[in-house]
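*Asks:* here you go, sequence then predicted model.
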2 protein chains.
Amino acid sequence: MEYDSIWDNLDSLEEFADAVSEFLHCPVTIEDRNHRLLAYSTHDERTDPARISTIIGRRVPEKVINSLWKEGIIPSLLNSRDPVRVKKMEDIGLGDRVAVSIWHKNEVLGFIWALEIDRVLGEEEFAFLKRAAQAIKNKLLPMQARRDKKEERSQEFFWKLLTSHFQTEEAIIENFHRLQINPSSSYALAVFQFREDISSSEEKKILYLLKTIQQLKIMLYTIDHQKLILLIALDHIDQPLTTLSEFVQTFVEKTEERFGVGEITPAFSSLHTDYLDVERAYKEALSVIAIKEKFPHEVKEIFGYQNLGIYRFIDVLLEKRTKDGFKNHALEKLREYDEKHQTNLTETIETFLDKDNNVHEAAKALNVHVNTLAYRLKRIAEIGEINLKDPNQKITFIY
Amino acid sequence: MEYDSIWDNLDSLEEFADAVSEFLHCPVTIEDRNHRLLAYSTHDERTDPARISTIIGRRVPEKVINSLWKEGIIPSLLNSRDPVRVKKMEDIGLGDRVAVSIWHKNEVLGFIWALEIDRVLGEEEFAFLKRAAQAIKNKLLPMQARRDKKEERSQEFFWKLLTSHFQTEEAIIENFHRLQINPSSSYALAVFQFREDISSSEEKKILYLLKTIQQLKIMLYTIDHQKLILLIALDHIDQPLTTLSEFVQTFVEKTEERFGVGEITPAFSSLHTDYLDVERAYKEALSVIAIKEKFPHEVKEIFGYQNLGIYRFIDVLLEKRTKDGFKNHALEKLREYDEKHQTNLTETIETFLDKDNNVHEAAKALNVHVNTLAYRLKRIAEIGEINLKDPNQKITFIY
DNA sequence: TAACTTTTTGTGGAAATCCACAAAAGACGA
DNA sequence: TCGTCTTTTGTGGATTTCCACAAAAAGTTA
């Protein structure tokens, strides 16, 4: 192992990248386990679009990560300590390259990438890369430790926010700055409800995903048994609610797709600007989850508190209804009629409301002619003595 | 006054009617002040359709009463002690006739009608009729007294119902029977809110109206300061809520039209079958009135508790909203945008919802092109990040 | 069984809605 | 001031909704 002494006098990761690049005659990039750029070689000027965007953005672009997952590259890097060859993918501007993962015990700390611009790397270079990954491990470890420490402090701070521990917003802002986080002027709180307690191996995967999705900036995160909780920055986002909705769905999708962890219920609070309201935001997100569990079908496509509509009030509505001992005369009449005449008026009105008053779709779902549906609706209005043109009255049909 | 001794040996009202009929050579009918049939002559077989229906139904048909009001006949009977001539009205099957009111002190107790089938009554007969009305007064007075007594007892009973005084339904049914009222198997409670305390002269007019509208059977009634409260029988009524709605509106209309008493807010409870629930029904009707006073425009055409729709829950909704300190992000955004760009998005969405999502009407109300409205709605959905296809979300726009 | 009502399905036409596209006017910023 | 973006209004066409009417099927009642 004589020529491996080249590692000995390299101080920084940059020098390390350059040394590897020089040996392989290839541009080299070093990333952490979340595909954040750690260092890149500069002696060799040849490169490809994917590498350029990575360097400019200080991280691998989301769509590149996506493709690498889809092609199975990242899974094999996470499974094996051997270098992996990546064939050119023109649609994302990625040239031929070789990658190897950097391991410490049973954990991946990062990756080394070597671009095969003019030459193809052989067995010897593969072995060299593997040794390089071994050697760099010690440089990455302390960084990891620092990050862990910071994460610990940030988690503690987050829980203080979630439990309304602070009295003034100034104190909160100060804490943000101490953690080198720039608090955004508006934020939301997202909660993901898992089916089981989140294991530490799942936690790593989740963090990996959160850091690679890149759609939104996550200021703070924490995990509490079956819940993943995020504090999300929303500055300069044009349609924050829409973006959030897409984000949480992407996250759930990818977690399922990449790690096989399914049945996650996502939710997020309304927008807030005052950091003293974090607990309130948390409760909003929790109530969305509670409602989604009670009415999975009705609010299937709603994730934000703001968009719950009438369901935001569902608990007080139900409470008042039971307190008043109110009987739904309209529904009762329909059921009576159904019973007596063997008709389907109850089912009809339910389907119709379900399909958002769309005669066409409702008729299709019921397997009847559109006019039959129209006729039935006329009868329902008569028998139940309800004005189906009044959205207010339709609403009460649900309860 | 010698020939007036003919009254002396007449025992019943029927004999009286026959005696008058014989003198005038006309069919004669006697009604109480609420146009209920008291007696009719039988010696003379000639008659007209209006009289036939009156005799069969034991009261003057509603549409006849209506016409008599419109033509000013009844008002003049109520104003003067002199006979009034009524010209033929073919549309309601009424032939020529003469009427006179029966007075006691300053009150009208009833009416005598004489049909001019073949002959026209002259001055002499008019004078005779007036004396007949004088003479019959004494026969009507004791009936009046009995009725007053009964009314007193029934009012007391009604208040017991309204205040949940009874423990069992049997006790209630027994009380009904004691008052010779047949309690219907389903009932509703109607309340009319007046602007001022109801005077006893107004009370008489109201009772008159209630007894002549004939649309629905009123089992019990009472008056409490500015409120008229009715217990309404709903047996064998096909569409009870619709009928009730028509009834209360008719009542308000006629009170205004005939007696000039306006600004009455009508309301009625949902349907009930258990007479232990009368107080609950009363509260339902009261809450409809309260809501109508708070949201006069929104529930303008709703009178029944059942049809309040979402407004049934308006108090708990508002309460929850203030408790949560929730800000309407969507509306806020719109207002912000309006302010900054001098646009009318807020007004637009309000009008649109007001017009029940009817693009056409809303565009007309806003004085803009339909496409302009469509464009604005698209922008509203974008800026407010709300799904306008979801009725649930639209609802929350109101608050 | 015959007469009647209720329910389903169909046809056809008027009105409304939705959507894409375009022209014009106005607002706004570099 | 020019170019760009937003807003308004318009046209045209595909689709949907609404309604009236009718015929057939099924169920109910005398």
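*Replies:* Nice, thanks for sending it over. Bear in mind the structure is a predicted one, so any value in this text is a computation, not a measurement.

*Asks:* and the longest helix for chain A?
*Replies:* helix A:123-162 (DSSP state H).

*Asks:* and it, what does it pack against?
*Replies:* Under the contact definition 3 or more CB pairs under 8 Å, 6 or more residues apart in numbering or on different chains; DSSP states H and E, helix A:123-162 sits against helix A:13-24, strand A:28-32, strand A:97-104, strand A:107-115, helix A:169-178, strand A:217-224, strand A:227-233, helix A:278-294. Every residue, glycine included, has its C-beta placed from N, CA and C.

*Asks:* make TSV out of those and add mean pLDDT and mean neighbour count.
*Replies:* Converted to TSV, these look like this (pLDDT from 0 to 100; neighbours: other CB atoms under 10 Å in any protein chain shown):
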stretch	mean pLDDT	mean neighbour count
helix A:13-24	88	19
strand A:28-32	91	23
strand A:97-104	93	21
strand A:107-115	91	22
helix A:169-178	91	14
strand A:217-224	90	18
strand A:227-233	94	23
helix A:278-294	94	19
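
*Asks:* and those: which comes nearest chain B?
*Replies:* Of all the helices and strands packed on helix A:123-162, helix A:278-294 sits nearest to chain B, with 7.6 Å by CB to the nearest CB.

*Asks:* do you know how far the residue most central in space within chain A is from A:Lys378?
*Replies:* Geometric centre of chain A, nearest residue: A:Phe251, 2.5 Å, by CA atoms, centre = their mean. As judged by CB to CB, to the nearest Å, A:Phe251 and A:Lys378 stand 46 Å apart.

*Asks:* next, the buried residues of stretch A:376-383.
*Replies:* A:376-377, A:380-381, A:383 (16 or more other CB atoms under 10 Å in any protein chain shown).

*Asks:* what's it in contact with?
*Replies:* Residues outside stretch A:376-383 that contact it (CB atoms under 8 Å, 6 or more residues apart in numbering or on different chains) are A:333-334, A:337, A:343-345, A:348-349, A:352, A:368, A:386-388, B:239.

*Asks:* same thing with stretch A:197-209?
*Replies:* Against stretch A:197-209 from outside (CB under 8 Å, 6+ apart): A:33-34, A:107, A:194, A:221, A:223, A:225-228, A:251, A:254-255, A:258-259, A:261.

*Asks:* buried stuff in it?
*Replies:* A:198, A:202, A:205-209.

*Asks:* then stretch A:315-332?
*Replies:* Buried residues in stretch A:315-332, counting neighbours by 16+ other CB under 10 Å, are found at A:316-317, A:320-321, A:324, A:326, A:328-331.

*Asks:* what residues are up against A:Asp32?
*Replies:* Residues in contact with A:Asp32 (CB under 8 Å, 6+ apart) are A:38, A:109-110, A:140, A:143.

*Asks:* from A:Leu189, how far out is it?
*Replies:* A:Asp32 sits at a distance of 27 Å from A:Leu189 (criterion: CB to CB).

*Asks:* same check, this time on A:Asp148
*Replies:* Counting by CB to CB, the gap from A:Asp148 to A:Leu189 is 24 Å.

*Asks:* the two: which is more packed in?
*Replies:* Counted by other CB atoms under 10 Å in any protein chain shown, A:Asp148 and A:Leu189 do not tie: A:Leu189 has more neighbours, with 27 against 10.

*Asks:* OK, contacts around that one?
*Replies:* The contact partners of A:Leu189, taken as CB under 8 Å, 6+ apart, are A:229-232, A:268-269, A:272, A:278, A:281-282, A:284-285.

*Asks:* which of the helices or strands spans the residue of chain A found nearest DNA strand D?
*Replies:* Residue nearest to DNA strand D within chain A: A:His360 (3.6 Å; CB to the nearest atom of the strand). A:His360 is part of helix A:359-366, with elements assigned from DSSP states H and E.

*Asks:* same check on A:Ala39?
*Replies:* Per DSSP H and E: strand A:37-40 holds A:Ala39.

*Asks:* partner strands of that strand, parallel or antiparallel?
*Replies:* strand A:28-32 (antiparallel) (DSSP bridges).

*Asks:* now do the worst-scoring helix or strand of chain A on mean pLDDT: everything it contacts.
*Replies:* Least confident element among the helices and strands of chain A, by mean pLDDT, DSSP states H and E: helix A:391-397 (a mean of 75). Applying CB under 8 Å, 6+ apart, the contact partners of helix A:391-397 are A:310, A:328, A:330-331, A:349, A:353, A:357, A:386-388, B:307-312, B:356-357, B:391-392, B:394-395.

*Asks:* what comes up buried for that helix?
*Replies:* By neighbour count on 16+ other CB under 10 Å, the buried set for helix A:391-397 is A:391-397.

*Asks:* quick check: mean pLDDT across the longest helix of chain A?
*Replies:* On average, the pLDDT along helix A:123-162 is 86.

*Asks:* and the pLDDT for the residue of the stretch 101-250 of chain A found nearest DNA strand C?
*Replies:* Taking CB to the nearest atom of the strand as the measure, the stretch 101-250 of chain A has A:His236 as its residue closest to DNA strand C, at 15.5 Å. In this model, A:His236 is scored at 84, pLDDT.

*Asks:* would you map the helices across the stretch 201-350 of chain A?
*Replies:* For the stretch 201-350 of chain A, the helices defined by DSSP state H, counting those that start in this stretch occupy A:240-259, A:278-294, A:314-324, A:329-341, A:345-354.

*Asks:* just so I know, which of those lies nearest A:Asp118?
*Replies:* Shortest distance between A:Asp118 and the helices of the stretch 201-350 of chain A, using CB to CB, is found for helix A:240-259: 33.6 Å.

*Asks:* what helices and strands are in contact with the closest one?
*Replies:* With contacts taken as 3+ CB pairs under 8 Å, 6+ apart, helix A:240-259 sits against strand A:187-193, helix A:200-213, strand A:265-268.

*Asks:* same thing but at 6 Å, please
*Replies:* Where contact means 3 or more CB pairs under 6 Å, 6 or more residues apart in numbering or on different chains; DSSP states H and E, helix A:240-259 is packed against strand A:265-268.

*Asks:* report the distance from the helix or strand where A:Ala50 lies to the chain centre.
*Replies:* Using DSSP H and E, A:Ala50 falls within helix A:49-57. Between the centre of helix A:49-57 and the centre of its chain there are 23 Å (CA atoms, centre = their mean, to the nearest Å).

*Asks:* any idea of the angle that helix forms with strand A:97-104?
*Replies:* Computed with axes from the mean of the first three to the mean of the last three CA atoms, to 10 degrees, the direction of helix A:49-57 lies at 50 degrees from that of strand A:97-104.
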